[in-house]
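In: Predicted model and sequence follow; I will ask about them next.
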Amino acid sequence: APQQPQGSGGQGGFFVPGASQAPVASATMAAGSSASGYPAPPMQQQQQYPQPPQYPQQQQYRQPPQYPQQQYPQQQQQQMDGITQQFSQMGVGQSQQDYQTALLGGKPPITALDEAPPPIRLPPGSTCVPSPFAQCPASHKRSTLNAIPRSDKLLRKTKLPFGLVLTPFKSQEPGEAPLPVASDIVRCRRCRTYINPFVQFVEGGRRWKCNLCGLSNDVPLSFDYDSATQTQKDRWSRVDLNHSVVEFVAPIEYMMRPPMPPVYVFVIDVSYAAVQIGAPGAIARTVQAALDDIPNADGRTKVAFIAVDTALHFFQLRAGSPEPQQLVVGDLEEVFLPSPTDLLVNLQECREGISNLLERFESMFQSNHAVGNALCPAVQAVLRLLGGLGGKVVVVQASAPTIGEGRVEPRAEGKDLGTPRESELLRAQNGWYKNMAAECSRPQIAFDMVFMGQQPMGMETVSSLARYTGGSVFHYPTFMAARRPETERLTRELRQHLAADIGLEAVLRIRASKGLRMAAYYGNFFLRSLDLLALPNVTPNHSYGVDLEIEETLTAPVVYFQTALLHTTAQGERRIRVSTLAVPTTENIHTVFHHADQVAIASLLAKKAVDRALVARLEDAREALQHKALEIIAAFKTECTQASSGATTQLQIPHALRLLPLLTLASLKHTSLRAGNTVSVGARIAAMNLVLTLPPEMGVQPYSVARMFALHDMPPQAGYADESGAVVLPPRLGLSAEALAPRGIYLLYSGVDSFLWFSRDASAAQCHSLLNEPNVGSIPNGVITFPNLGDAPEFELNQRTNAILRQLSSQSHDLWSPMTFICKEDGEPLIRLMLSQRLVEDMDPSAPSYQQFLGQLRDKINRGNF
């Protein structure tokens, strides 16, 4: 497994106009002076190494945004630093004002959320090969600061959060090339960093210098020669020197045991509460439909089923036998397995018996009147069943556990919602599930929790199984099997989840350059040691937040962060996914502010706020979130504007952070942190889990900041595919009721749900084209599954809207299958309330409007009340 980093930082030259640092005369070359073709085979004593590709001699880099576009000679750099600093403090110079944004009185530029993060500008020669794939993509890993302060003192002065938000097991996008794979692993012998595009070759190419700790390592003989084929290799075409994200095929040394097969155990609540809403039958039909989607390329996948009420119902399945046999264990004091074999079976060999079991599952328990839930004994049975193997456990709950050490007492939450006592409702009633999760993580057992119905289920307690084993939480509070939209949503989302190519028996380690330290982690995992995250199953696109600290002054012009995820693929191959991110350092506070990543900051702050709410109070989390936004704006005013002291009528913020107040307000109004008594404990726990696990490009939008489009007035190209095959989306609208025009039809998409808003005077022709209804009055209120009316020209608006929804779902990795709420201008008050809560620019009972929020921030800054 990867180890903790140590040693000194990276090498290389870097300058940014405005940063107080010495210029570097030329780019650093990657190899020695040898220029005689390919190296000889390893048995010869004198090796010669090829020259790397040459960098352009006059490569120009764009200026940071706060400075003029003119390029300055390097020998004038220090003088210009001082002049620019003085001008910026005096407010002189057009460039400084150009890259500030006045917040009060204007609409937030919400379309900026679709822009790329601030560019990371590395000095010339930072990579050993000039490759376009050398820098880590933001979808895999992004820093809150794309120019890092060189000292902790400067970082504290900015008040900006410093951390990483990483998605180490990102899924492959449609049309995206697969990750490059390397078979030979080269690592630093001191800090165990994997070789990457930012290392340097020294001593004629015979050694390489680690970019994290600075140690010079011998280049192995196999680096330039393939002994299997007896051929020379081109060093400079190696994937690990050209790509920042690489998967290595792990050798036997990285295996504690043979790679485990995919294992799925379904623990299904069949108590009276579950039967009443039709949960057992719906889950059985969903699993039946997903059997062909579950990863099983090599035929090794195993499955098992356990039904739970006041007893445990096991199902014995044999290869070649179509008839499953039910084995009931009623004595739950000492849990045991009723059969040593045939409970966990091969999916392919026992397919007929599994299909018959799932077809009969609903009828087996449709007359069950047992009131009780033996989840605790079921978890103990799972540990016995999978203790030597590991696997994924999908737990379906419709009632609270009532039997065993982990039983949960029902809480009357209604009167405490919206009061200081609500924070107590979010805390686990006991530590049994957290302790069991820690015990299950050792043999690589992970839990996914599926909560169905409105019965108290102890979600705040039971969800610890998913949180500490790297699992997921699904919540369907209004589920009834008789409601078609609810059933279709459950089926699509769980099928997508079960079909995912998960990583098994994984561990995650993050390394950083000397002077940096990982201080805290956020997400669903078990922290095995100070820097090692245990992930029995790693779910695609799960995200993790990391707080970073500057322990000592950073002297290197660039610092590095390397993530290594050791895992077993669903195909049974042991792999190491390595990603390396390089970020420049600076001594200029303006550069720090203008290279801050507002989406990464909002994502990390939301994860920290949720974590704080779960261990402290909701009020503390809300206050900390608002206080951080206040501190950042005040620090920018003090350090980077001409109104550094005294009262001001306007709020200035760097252009890169112009949406930070809106993102902060959206987090305060989100279900995970919203004040008031309109959010149930179960809904809040499920929302908190999503905030902890969603990557920034999904957690910030659409989940916190929804997308809204006008369907009645789309441009001609909207709803149709462009040359790349992606569907063109209509112009994005601000999240305010002011955007809802008379005679309009609007789509609001937040990932987990979507809304169709109809004005009372909406066009009858457009109602027909969208939903095949003659007018607004005939459109039913409530929840629908958005229809597909076919290719007839009269339903053009329906076709374009379906294409838009598919594109939005694809951008969210098809994680959700949202139901569509019909919201009319004079329709149901509850649905209108749900829609208004997603219009984050408007005032509601839980929080102020966007302009009111800015006014509060300005007044506190003017009073010095922060």
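Out: Looks like it came in fine.

In: quick one: contacts for L729?
Out: R707, F709, A718, I804, Q807, L808 (C-beta atoms under 8 Å, 6 or more residues apart in numbering). All C-beta spots, glycine's among them, are computed from the backbone N, C-alpha and C.

In: ok, so of these, who is nearest E413?
Out: When these are ranked by distance to E413 (C-beta to C-beta), R707 comes first, at 31.9 Å.

In: where do the strands sit along the stretch 251-400 of the chain?
Out: For the stretch 251-400 of the chain, the strands defined by DSSP state E, counting those that start in this stretch occupy 263-269, 302-308, 312-316, 325-329, 345-346, 391-397.

In: for the stretch 1-150 of the chain, what are the low-confidence residue spans?
Out: For the stretch 1-150 of the chain, applying pLDDT under 70 flags the ranges 1-98.

In: For A606, which three-state class applies?
Out: Each residue gets one of three states, and A606 gets helix by DSSP: H, G, I helix; E, B strand; the rest coil.

In: Isn't it up against S704?
Out: Yes. If you go by C-beta atoms under 8 Å, A606 and S704 touch, sitting 7.0 Å apart.

In: Which neighbours do those two have in common?
Out: S667, H670, V691.

In: neighbours around I283, how many?
Out: By other C-beta atoms under 10 Å, 27 other residues sit near I283.

In: How about the one 5 residues further on?
Out: Other residues within reach of Q288 by the criterion other C-beta under 10 Å amount to 15.

In: just V328 next, same as before
Out: Other residues lying near V328 total 11 when counted by other C-beta under 10 Å.

In: same check, this time on M436
Out: Neighbours around M436, by other C-beta under 10 Å: 23.

In: again with the one 5 residues further on
Out: As a burial measure, S441 scores 21 neighbours (other C-beta under 10 Å).

In: Pull out the buried residues from the contacts of L729.
Out: Buried members of the contacts of L729, scored by 16 or more other C-beta atoms under 10 Å, are R707, F709, A718, I804, L808.

In: Dump these into JSON lines; add distance to G458 and pLDDT as well.
Out: Shown next, in JSON lines, are the buried ones among the contacts of L729 (distance: C-beta to C-beta, whole Å; pLDDT from 0 to 100):
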{"residue": "R707", "distance to G458": "34", "pLDDT": "97"}
{"residue": "F709", "distance to G458": "39", "pLDDT": "98"}
{"residue": "A718", "distance to G458": "46", "pLDDT": "97"}
{"residue": "I804", "distance to G458": "39", "pLDDT": "97"}
{"residue": "L808", "distance to G458": "34", "pLDDT": "96"}
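
In: mind listing which of the residues you listed are in helices?
Out: Counting by DSSP state H, the part of the buried ones among the contacts of L729 found in helices is I804, L808.

In: Distance to D240 for the buried ones among the contacts of L729 - can I get that in a markdown table?
Out: Formatted as a markdown table, the buried ones among the contacts of L729 follow (distance: C-beta to C-beta, whole Å):
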| residue | distance to D240 |
| --- | --- |
| R707 | 38 |
| F709 | 43 |
| A718 | 42 |
| I804 | 40 |
| L808 | 36 |
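
In: Isn't G744 up against H712?
Out: Yes. Using C-beta under 8 Å, G744 is in contact with H712, at 5.3 Å.

In: any residues in contact with both of those two?
Out: Common contact partners of G744 and H712 (C-beta under 8 Å, 6+ apart): A762.

In: still on that earlier bit, kindly indicate which of the contacts of L729 lies nearest S363.
Out: So of these, ranked by how close each gets to S363 (C-beta to C-beta), first place is L808, at 38.6 Å.

In: Excluding sequence neighbours, find me the nearest residue to the residue nearest the centre of the chain.
Out: For the chain, P695 is the residue whose C-alpha lies nearest the centre (C-alpha atoms, centre = their mean; 1.9 Å). Once flanking residues are discounted, P695 sits nearest to S543: 4.1 Å by C-beta to C-beta, 6 or more residues apart in numbering.

In: Give me the neighbour count for that neighbour.
Out: Neighbour count for S543, taken as other C-beta under 10 Å: 26.

In: was I right about it contacting Y522?
Out: No. With contacts counted by C-beta under 8 Å, S543 stays clear of Y522, the gap being 9.1 Å.

In: wait, isn't D501 in contact with A570?
Out: Yes. With contact defined as C-beta under 8 Å, D501 counts as touching A570 (4.9 Å).

In: Those two: which is more packed in?
Out: Using other C-beta under 10 Å, the more surrounded residue of D501 and A570 is A570, with 20 against 14.

In: Report the separation between the closest residue to that one other than its chain neighbours and L347.
Out: In space, and not counting its chain neighbours, A570 is closest to P295: 3.6 Å by C-beta to C-beta, 6+ apart. P295 sits 10 Å away from L347, going by C-beta to C-beta, to the nearest Å.

In: on that earlier part again, could I get the contacting residues of the residue nearest to A570?
Out: By C-beta under 8 Å, 6+ apart, P295 lies in contact with P262, T301, A499, A500, D501, I502, A570, Q571.

In: Cross those against helices and list the overlap.
Out: Counting by DSSP H, those place A499 in helices.

In: Next SSE downstream of the longest helix along the chain?
Out: Longest helix in the chain by number of residues (criterion: DSSP H): helix 618-640. Elements were assigned by DSSP states H and E; along the chain past helix 618-640, the next helix or strand is strand 652-654.

In: Can you tell me what sits against that following strand?
Out: Contacts for strand 652-654 (C-beta under 8 Å, 6+ apart): 66, 99-103, 593-594, 596, 632-633, 636-637, 640-641, 643, 660-661.

In: How far off centre is that strand?
Out: 27 Å (C-alpha atoms, centre = their mean, to the nearest Å).
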